[in-house]
Structures are given as C-alpha cells and as structure tokens.
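Student: Output the structure for:
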Amino acid sequence: MAQFDAVDALLATARKEAELPPAEQRRMLREALNLSRAQVARALGVSPSTVGGWESGRDPGGEVRDQYAYFLKGAQTRLAALDADRAAEDADTHTGTGAEDAPDAGPGDAAHQTPAGQETDDAEDVEDVQTLTVPRPCVLCGHDARHEVAGYPQHLDPAECTAPAPPVPAPTATVPSVAEAPAGRVPRPAPPRRSGSVKTVGSTAGRVRTAADVPDPIGDAVAAALAEHRGDMEAATAALVKRAIPDAMALLDATRKGGRYDIVAHPGIPDILRKQTARGADQIWEARPKWTRPELPAGAHEVARLDINGAYMSALKTHLPIGRLEHSEGNVHDRRRSGVHRITASAWEHDAVLPNPLGDRDEPGPLWVTEPTLRLLMRLAGPKHRLCEPPVIHESFTSGATESLLEKFRITLKDARDKAIAEDDEVTVEYVKAMYSKFVSTMGESTYNRELNRPDWMHLIRSQAFANLWTKAFRAHDEGLMVVSVQGTDELHVIGDWHQVFTEGRGVTEVKVKDTYMVGGPPDDPAAPGDTDE
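Tutor: Numbers count the residues shown, from 1 in each chain. From the prediction side, this is the model:
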C-alpha cells in the first residue's frame, strides 16, 4: 500500500551500528600491535586526540565508527595470527633442540635480557614517533632527521640537533706534539668546532630556535589556500573559513602536546547541561547583556559605538574545569574549582547607569549561572565596590580548574592575528577569527565538532566574554564616561572622550570605533548591533 512506502524506505536505509569492544581493550589492541595513536588517526582521517578520546570511553558515530570497528576487529585477527605463529615457533624450538644441546649463554647475553615485568620500550614516550624511510629536515634545526614526532620531522637525540647559524670560522689552535705532551698521555687533535652549536640541557623544548624553525600551521594553511585559488583572496578566505573547525581542533591538539591533562576526553555531564529538546537549550544562563540606558540628559550628544576586539579569543583565558563535574550543596564557593552554580542573586539597583551583570532576565528566582558570572557578582558585592549583596549559592557542579588550560592555543591565535594585522593580511585575520569563534560555538552538543563535547566550557567562555564586556562598561562609567548601551560580547556605546580610557586599535587589548551617532536631537535610535567579535 502506498501509505507504507515511506516506512519501507526508512527501514531499508536503517542499519545497526557496528559493535565496539570496551574502551580499555581498544588501547590494548593498538599497543599490542606497536601502533601509535597518530598512525591510527591518519588511517581513519581523524586527529590523535580523537583516537585518545575513543580509548577513554567515547564512542564514534557514523561512517568513522564502522571504520574504527573494522580496524579493531582486524587488530584482534592480526594478534591471534601472530600468537599462533609465535606458538608454532616455540613448539619447533622445543622439538628440535633439547636443553642439553642449547649453546651456553655468553657473559654478554644477560645484558640484553629484559627483566620480568619491564618493557623494552616506553609506549607513552614513543607513541607518536615514527621512522622515516627518507630523511627530512628537522623542524627544530633544519638538518636531516630520520624520525617523525607527532607528524613533524625531529631528531630524537638532542645532541644531534643544533640551531642553524652562519658558519663560524674555527679558531686556529696549536696541537701539541708527542714530545710536548705530558708524560704518559697521548696527545689528541682538538675536536672540530661545530658551526652554530648550542648547549642543550634536558629536552629540545628549551632549545634556541629561529622563527623559520617553528612550525606555522596557520601561515601554511593560508599560503596553501592562496596557492590553490591562484591568489584569489575572497575564494581563499571562504575555503579557510569552511575548514576552520577541524583546523582549530588540530591546532588545539598541537598546542596541547606534553600537556598534563587530556582535555578531549568526554566526562559525563549533568542533565542541566543537556539540551531539553533537539533544538532547544539547556538550563545554563550565560548573563548576556542587552541593555540601553533608560534616560539621557537633555541636549544633543555624540555617541561612539566601540567594538571590543577578539572578545571570544580573550575569553579563552578563564577558569575551566578539568575533569568530571561533581555535585555539591550549600552556600560555599571554592576558588580552586570551577563549574556552574544555582544561585539567587540580589536586586540590582543601578540599572539607570549600568546594566545588571546578570543580564536581562524574564523570570525572578534561582537560576543556573557559570563561574565567570558568579565571580563577577561576588566581586561587585565585595568591599571594593559594594554595588550589590552577595548571591546565595544553593548547589553547584564543579571540578578542579585552571585558568591556563587553553593558554597556548589562545596565544598562538593571538600572535597570528597580531602579525596578520601588522602585515595587512585580511585573509589570515578572517581565518583566525573563524577558528576561535567557531571553536567556542561548537564545543558543546554540535554536529559540526564531534571531537570536543564540553558544553560547560562553551558556557563558561561565552560568559567570560560577557563579563569582560561588563567590566569595560564599568571602567568607562568609573572613569567619567556615560554608558549608553551594552550589547552582546563586543559592543559598548559611550558619550565622552573615550580616548582617555581606552586605546584605539585592532589589538585584543584595544578598541575600535564602528561608527558615531547623535542622540538627544532628532530621534536616531541606534540599530541593535550584532556580535562581530573581531
């Protein structure tokens, strides 16, 4: 019957997801075959951190799940075959050679034996190291290297790696003859001086490197896009913006090398951080400001609409919870932890001159807020300001936190943006902007970024951007400017000589003027601005 055709078509396309072994077995299978995360990641077209997430309990979906299941099943088959071959070799050895016929062990053989329980190699240390069939220039010194670390050619032995420098003529040295040498010592020629040698202590992390030696994934991506589109800046920018999310995740992975915490693992999240419907929102209030001063003094006034540069990029520096959020109750705040809190805030009595730091609410009563919002309210209630009463905390979901979790990632983006602005490189500026803004907006429950699922981080970073904007509005008010409007993450409308308070420019610590308009004369309602976040 025709009415069942759609159902039949749907059932025809339905399929059962590929089964995966438990998470603890996935890493065991990979390591048993001496494969690195980077090798598996390249075969599956994902990042090494994604593979790490799967080995920590996160399950992939879609086509990549089928590929990963195929790899794990193949790994089991391969291990079984290797075990069978090894058992056959052992059987042949015991059958063909008796103990009395075995050769005596030489005195040096014991030195090559591995003590029981001790591995011959540290899997963690060599996990991303591969041997190159053809030497490639080391990213640190430029000389040929025979190994690749996390995708970059490098020397494993610091003694083999020296920073490149112009040749330095070796000083002439007099080599003593045999007759001149002290009794009982044979003179040796002075060792040749190594050109540009640098004393190395410990790992290569502290080695002196020139700018040309440091990997530049952002610059390389821009150059490749411009070459692919034959210098068409508009087409290259569009292509870079389209790939901004995976590129941002790859950059995050690179900047987290050697980090103390696995930040791509996906700990369980409380229900308050889950969307109530497919297109709905969760229960977290971000305190987004949308405020306009209710009254202005009589007369005509010129208003400057200021744009706060890189709002989301600056907000990457905020207290982020590292692990699983743990529930607690009571009016207690631990500054060593971060997360979300259900609070009741006091009344705000300064709406005539400043926006409520809690944002515009539709309903009174308790609500869930983020760490930046809570800290802002507590600071304003403190002895320095005394602008409100302290909020009451009813319950919290928090974890141990750090403010520098994304700091290397943020600094890399900031430096690339600063350099691009100095060189009038708008392609890179737009690319970097897309990377950090899309990174923040898709780290929650997003189909565009399946590698990082931390809705708590997304809310915290957004709220930090709003808190930063509110703080700038308060600074303007405190310095004698008249605050007219505060919108979103990056718009501040003021009356007065704002140059005495803020520095004009495109840097992340500076502001720029979007436009100016007049109020107090003929009606000229400023259009509500959107979030450009540049």
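Student: only C-alpha atoms for contact and neighbour calcs from this point on.
Tutor: OK.
Student: buried ones in stretch 402-412?
Tutor: Thr402, Leu405, Leu406, Glu407, Lys408, Phe409, Arg410, Ile411, Thr412 (16 or more other Cα atoms under 10 Å).
Student: Now Leu226, what are its backbone angles?
Tutor: As for Leu226, its main-chain torsions (degrees, to the nearest 10) stand at phi -70, psi -40.
Student: what do you get for Lys514?
Tutor: Phi and psi for Lys514, reported as degrees, to the nearest 10, are phi -80, psi -50.
Student: Give me the neighbour count for it.
Tutor: Lys514 has 13 neighbouring residues, counting by other Cα atoms under 10 Å.
Student: dump the residue contacts of it.
Tutor: By Cα atoms under 8 Å, 6 or more residues apart in numbering, the contact set of Lys514 is Ala304, Arg305, Leu306, Asp307.
Student: Within the helices and strands, which one has Met486?
Tutor: Just to correct that, residue 486 is Val rather than Met. strand 482-487 (DSSP states H and E).
Student: which outside residues touch that strand?
Tutor: 289-293, 303, 353-355, 469-470, 473, 476-477, 491-496, 528-530.
Student: Now that you've got the residues you listed, can you turn the buried subset into something I can paste into PyMOL?
Tutor: Buried subset of the contacts of strand 482-487, written as a PyMOL selection, criterion 16+ other Cα under 10 Å:
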select buried, resi 289+290+291+292+293+303+353+354+355+469+470+473+476+477+491+492+493+494+495+496
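Student: The contacts of strand 482-487 in strands, which ones?
Tutor: Under the assignment DSSP state E, these contribute Lys290, Trp291, Thr292, Val303, Glu491, Leu492, His493, Val494, Ile495 to strands.
Student: List the contacts of the last one.
Tutor: Translated: Ile495. By Cα under 8 Å, 6+ apart, the residues touching Ile495 are His301, Glu302, Val303, Ala304, Leu481, Met482, Val483, Val484.
Student: Among these, which one sits closest to Val513?
Tutor: Closest approach to Val513 among the contacts of Ile495 (Cα to Cα): Ala304, at 6.7 Å.
Student: how far away is the nearest residue to the closest one once chain neighbours are set aside from Leu469?
Tutor: Excluding the flanking residues, the one nearest Ala304 by Cα to Cα, 6 or more residues apart in numbering is Thr516, at 4.5 Å. Computed as Cα to Cα, to the nearest Å, the Thr516 to Leu469 distance reads 19 Å.
Student: Show me what the strand ranked longest in the chain is packed against.
Tutor: Secondary structure of the chain per DSSP E: the longest strand is strand 392-402. Here strand 392-402 touches strand 320-321, strand 326-329, strand 337-344, going by 3 or more Cα pairs under 8 Å, 6 or more residues apart in numbering; DSSP states H and E.
Student: The contacts of Lys514 in strands, which ones?
Tutor: Within the contacts of Lys514, residues falling in strands by DSSP E are Ala304, Arg305, Leu306, Asp307.
Student: Can you tell me which of those residues has the most neighbours?
Tutor: Neighbour max across the ones in strands among the contacts of Lys514 (other Cα under 10 Å) = Asp307, 25 neighbours.
Student: can you pull the contacts of that one?
Tutor: For Asp307, the contacting residues are Asp490, Glu491, Leu492, Val511, Lys512, Val513, Lys514, by Cα under 8 Å, 6+ apart.
Student: what separates the fourth one from Trp291, distance-wise?
Tutor: In this case it means Val511. In terms of Cα to Cα, Val511 sits 19 Å off from Trp291.
Student: With Ala401 instead?
Tutor: 31 Å.
Student: about what we covered before: let's verify the residue nearest to Ala304: helix, strand, or coil?
Tutor: The three-state label given to Thr516 by DSSP: H, G, I helix; E, B strand; the rest coil is strand.
Student: hang on, it packs against Arg305?
Tutor: Yes. Assessed by Cα atoms under 8 Å, Thr516 is found in contact with Arg305 at 5.9 Å.
Student: ok now do Lys275, which residues does it touch?
Tutor: Here Lys275 is in contact with Ala281, Asp282, Gln283 (Cα under 8 Å, 6+ apart).
Student: again with Ala401
Tutor: Neighbouring residues of Ala401 by Cα under 8 Å, 6+ apart: His319, Leu320, Pro321, Ile322, Arg336, Arg337, Ser338.
Student: Apply 6 Å and report the result again.
Tutor: His319, Leu320, Pro321, Ile322, Arg337, Ser338 (Cα atoms under 6 Å, 6 or more residues apart in numbering).
Student: And the closest residue to it other than its chain neighbours, how far from Val241?
Tutor: Nearest residue to Ala401 in three dimensions, chain neighbours excluded: Pro321, at 4.2 Å (Cα to Cα, 6+ apart). Applying Cα to Cα, the value for Pro321 to Val241 is 29 Å.
Student: Neighbour count for these two, which is higher?
Tutor: A direct count of neighbours by other Cα under 10 Å for Pro321 and Val241 places Pro321 higher, at 26 against 20.
Student: so where's this structure shaky on pLDDT?
Tutor: For the chain, residues meeting the criterion pLDDT under 70 lie at 1-3, 5-15, 90-130, 138-142, 148-214, 259-266, 521-534.
Student: in which helix or strand would I find the residue nearest in space to the middle of it?
Tutor: Centroid-nearest residue in the chain, with Cα atoms, centre = their mean: Leu252, separated by 3.2 Å. Element membership of Leu252, judged by DSSP H and E, is helix 244-255.
Student: repeat for Arg335
Tutor: Assigned by DSSP H and E, Arg335 falls outside every helix and strand.
Student: again, but for Trp368
Tutor: Going by DSSP H and E, Trp368 is part of strand 367-370.
Student: ends of stretch 134-147, how far apart?
Tutor: 9 Å.
Student: and Trp285, how far is that from Glu445?
Tutor: 16 Å.
Student: so the residue nearest to Ala304 makes contact with Leu306?
Tutor: No. If you go by Cα atoms under 6 Å, Thr516 and Leu306 don't touch, sitting 8.8 Å apart.
Student: Who are the packing partners of the helix or strand hosting Leu413?
Tutor: Assigned by DSSP H and E, Leu413 falls within helix 407-422. When contacts are defined as 3 or more Cα pairs under 6 Å, 6 or more residues apart in numbering; DSSP states H and E, helix 407-422 sits against helix 244-255, helix 426-441.
Student: Name the nearest of the ones in strands among the contacts of strand 482-487 relative to Thr373.
Tutor: Scanning the ones in strands among the contacts of strand 482-487 for proximity to Thr373, where the rule is Cα to Cα, the winner is Lys290, at 15.2 Å.
Student: Could you check how far Glu329 is from Phe71?
Tutor: Going from Glu329 to Phe71 by Cα to Cα gives 45 Å.
Student: out of the two, which sits in the more crowded spot?
Tutor: Neighbour count, other Cα under 10 Å: between Glu329 and Phe71, Phe71 has more, with 18 against 12.
Student: Can I take it that the more buried one is in a helix?
Tutor: Yes. Under three-state DSSP, Phe71 sits within a helix.
Student: What distance do you get for it to Leu452?
Tutor: Counting by Cα to Cα, the gap from Phe71 to Leu452 is 22 Å.
Student: what do you get for Ala420?
Tutor: Counting by Cα to Cα - Ala420 and Leu452 are separated by 28 Å.
Student: Quick check on those two: which one has the bigger neighbour count.
Tutor: Taking other Cα under 10 Å, Ala420 and Leu452 do not tie; Leu452 has more neighbours (21 against 18).
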